[in-house]
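Novice: prediction below, plus the sequence it came from.
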Amino acid sequence: MSRRTARDQGFKLLYQVDIHKGNEEEILETFFDENKVTEKDRTYIQEVVHGTLEVTGEIDKLIESNAKGWKINRISKVNLAILRLAIFEILKRDDIPISVSINEAVELAKNYDNEKSGAFVNGVLGAIQKTASFERIGGRIVNSPLLLGIDTSCYTTSIAIVNEENELIFNDRIVLSVKEGARGLRQSDALFQHIKNLPELVNRAKQSIDFSNIKKISVSERPRPVSDSYMPVFMGGTSFAKVIAETLDIPIQYFSHQEGHIMAGLWSAKAQHLNHQPFLCFHISGGTTELLHVNSAKDGFEIKIIGGTKDVHAGQFIDRIGVSMSLPFPCGPHLEKIALETENSIPIPVSVKHTWIHFSGSETHAQRQIIKGENHQSIALGVLRSIATSVEKVVINAVKETGIKDVLMVGGVCANTIMKAYLLDSLKGKATMHFAEPAFSTDNAVGIALLGNVGYNDE
């Protein structure tokens, strides 16, 4: 169990105690009886639950005095449990960087409530961090060099901050707005939104981060690491990064969006060992479906495309079917949600030749099913299974051809739980699959920040 997972469980247990007004010992005992955890994780969970409950009164006073206009009884039970756990870590756990506690709390609020809750939690904890009550903050972050990463993709504005030890200190993003019924954004519209979003994200970060500690910036400047790869959306990130770099008089380094996906995938899947050997990477998103042969390089990765799609990308396939079903765009999470409501799948034909996929025929077949009035849930499940089956066939063929069994899965489509479960089962013994965590599979700036950290100490 990772520290992130243990923290997630600690939050849920605190929430359970608060909701049921139960005895924490009984609740903990039931949890440990039903879940296998290491001694280290058991110690952490027990400490945060018992410790938080012991100082709840002190913590609640801090929350109420820093949550402007909010009384404790008006804060949702979910956000209250998240805030209490984070403040306990800040007060009592010197081994956990303060900004890590804040960032993890924000992610919990987003995952279990919504984006607004993430901003609320970030604001409260940022205000608390700056109060005199937390004198220990002074020495912990001030002398620690930090690296800022920026990514401005077709549908998401992202920033992330890491320290020299590759610990994630801050991570936030804003998904771009797409008009209802639209199949995407014009580059000019996306660029305009990035220009609006970047100052907002930096302001959020400054609530808990001293930007004088930023020692380097890395930014995505193009989709792929090849000379003719270009999209205007990345100009928003590069221009903003240049302004910050000039203002702080710090170095700036440029990478590709694809390299950021690969690095975030390796880091979140705990597969950094692949950096020392060739590996395969399947990058599957709204605008990309590529099978890559990857080697690490001094500045990023050496990448060669050895497979993928010849027509429609997997993400486009999903979005086009989703829009036809009147689902919100981007449609991936919404299509998955309705697919999980059934076990009856409408078969969708697949077309795979060696390491290349054709999704146009699959899309046409699925669209016909919609016109015929077939059940949307069954069509959705059929679409996801057809993509998973196609990926399975390509991976098997690529492993045979290259002799490489390690396959990293990155990109927003790879966050799909139906596809992940299918591929892990069907490829068992045939390939070693490494999936990025869902939060770091979709567009983010974490990989870009981590890439900037590579070789930082050599500069």
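Specialist: Perfect, thanks for sending it.

Novice: okay, strands next: where are they in the stretch 1-150 of the chain?
Specialist: 146-152 (DSSP state E, counting those that start in this stretch).

Novice: poorly predicted segments of it, please.
Specialist: Flagging of the stretch 1-150 of the chain using pLDDT under 70 yields the residue ranges 1, 22, 130-144.

Novice: which parts of it are helices?
Specialist: Ranges of helices in the stretch 1-150 of the chain, per DSSP state H, counting those that start in this stretch, are 3-20, 24-34, 39-54, 56-66, 77-92, 98-112, 115-129, 137-141.

Novice: which one of the ones you listed lies nearest to Pro225?
Specialist: Evaluated over those, closeness to Pro225 peaks at helix 98-112, with 28.0 Å, by Cβ to Cβ. C-beta here means a position set from N, CA and C on the backbone, and glycine is covered the same way.

Novice: can you tell me which helices and strands the closest one packs against?
Specialist: helix 3-20, helix 77-92, helix 115-129, helix 137-141, strand 168-175 (3 or more Cβ pairs under 8 Å, 6 or more residues apart in numbering; DSSP states H and E).

Novice: the inter-axis angle of the longest one versus helix 56-66?
Specialist: Note on geometry: by axes from the mean of the first three to the mean of the last three Cα atoms, to 10 degrees, helix 3-20 and helix 56-66 are set 100 degrees apart in direction.

Novice: then helix 3-20 to PDB, C-alphas only?
Specialist: The C-alpha trace of helix 3-20 is given here as PDB (Å, rounded to 0.1, in the frame of the first residue of the first chain):
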ATOM      1  CA  ARG A   3       1.400   6.400   1.300                       C
ATOM      2  CA  ARG A   4      -1.200   7.900  -1.000                       C
ATOM      3  CA  THR A   5      -3.400   4.900  -0.500                       C
ATOM      4  CA  ALA A   6      -2.800   4.800   3.200                       C
ATOM      5  CA  ARG A   7      -3.800   8.400   3.500                       C
ATOM      6  CA  ASP A   8      -6.900   7.700   1.400                       C
ATOM      7  CA  GLN A   9      -7.900   5.000   3.900                       C
ATOM      8  CA  GLY A  10      -7.100   7.300   6.900                       C
ATOM      9  CA  PHE A  11      -9.500   9.900   5.500                       C
ATOM     10  CA  LYS A  12     -12.200   7.400   4.900                       C
ATOM     11  CA  LEU A  13     -11.900   6.000   8.500                       C
ATOM     12  CA  LEU A  14     -12.000   9.600   9.900                       C
ATOM     13  CA  TYR A  15     -15.100  10.200   7.800                       C
ATOM     14  CA  GLN A  16     -16.700   7.000   9.000                       C
ATOM     15  CA  VAL A  17     -16.000   7.800  12.700                       C
ATOM     16  CA  ASP A  18     -17.600  11.300  12.200                       C
ATOM     17  CA  ILE A  19     -20.600  10.000  10.400                       C
ATOM     18  CA  HIS A  20     -21.500   7.100  12.600                       C
END
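
Novice: list the buried ones in that helix?
Specialist: By neighbour count on 16 or more other Cβ atoms under 10 Å, the buried set for helix 3-20 is 6-18.

Novice: closest to Ser239 among those?
Specialist: Arg7 (36.1 Å).

Novice: ok, and the closest non-adjacent residue to the closest one?
Specialist: Of all residues not flanking Arg7 in the chain, Glu104 sits nearest, at 5.8 Å (Cβ to Cβ, 6 or more residues apart in numbering).

Novice: ok, the one you found - how many residues close by?
Specialist: 22 (other Cβ atoms under 10 Å).

Novice: might one say that it is in contact with Leu85?
Specialist: No - Glu104 lies out of contact with Leu85 (Cβ atoms under 8 Å); the separation is 9.1 Å.

Novice: who touches both of the two?
Specialist: Listed as contacting both Glu104 and Leu85 by Cβ atoms under 8 Å, 6 or more residues apart in numbering are Arg7.

Novice: so Lys215 lies in a helix, does it not?
Specialist: No - secondary structure of Lys215 (DSSP: H, G, I helix; E, B strand; the rest coil): strand, not part of a helix.

Novice: surely it and Leu147 touch.
Specialist: Yes - counting by Cβ under 8 Å, Lys215 touches Leu147, with 6.6 Å between them.

Novice: just the C-alphas of stretch 252-267, formatted as PDB.
Specialist: Provided in PDB are the C-alpha atoms of stretch 252-267 (Å, rounded to 0.1, in the frame of the first residue of the first chain):
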ATOM      1  CA  ILE A 252      14.000  27.000 -18.500                       C
ATOM      2  CA  GLN A 253      13.900  23.700 -20.300                       C
ATOM      3  CA  TYR A 254      11.600  22.500 -23.100                       C
ATOM      4  CA  PHE A 255      10.000  19.100 -23.600                       C
ATOM      5  CA  SER A 256       7.200  17.600 -25.500                       C
ATOM      6  CA  HIS A 257       3.700  16.700 -24.200                       C
ATOM      7  CA  GLN A 258       4.300  13.100 -25.000                       C
ATOM      8  CA  GLU A 259       7.500  12.900 -23.000                       C
ATOM      9  CA  GLY A 260       5.600  14.400 -20.100                       C
ATOM     10  CA  HIS A 261       3.000  11.600 -20.300                       C
ATOM     11  CA  ILE A 262       5.800   8.900 -20.400                       C
ATOM     12  CA  MET A 263       7.600  10.400 -17.400                       C
ATOM     13  CA  ALA A 264       4.400  10.800 -15.300                       C
ATOM     14  CA  GLY A 265       3.500   7.200 -16.200                       C
ATOM     15  CA  LEU A 266       6.900   5.800 -15.100                       C
ATOM     16  CA  TRP A 267       6.800   7.800 -11.900                       C
END
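
Novice: right, I'll call it a day here.
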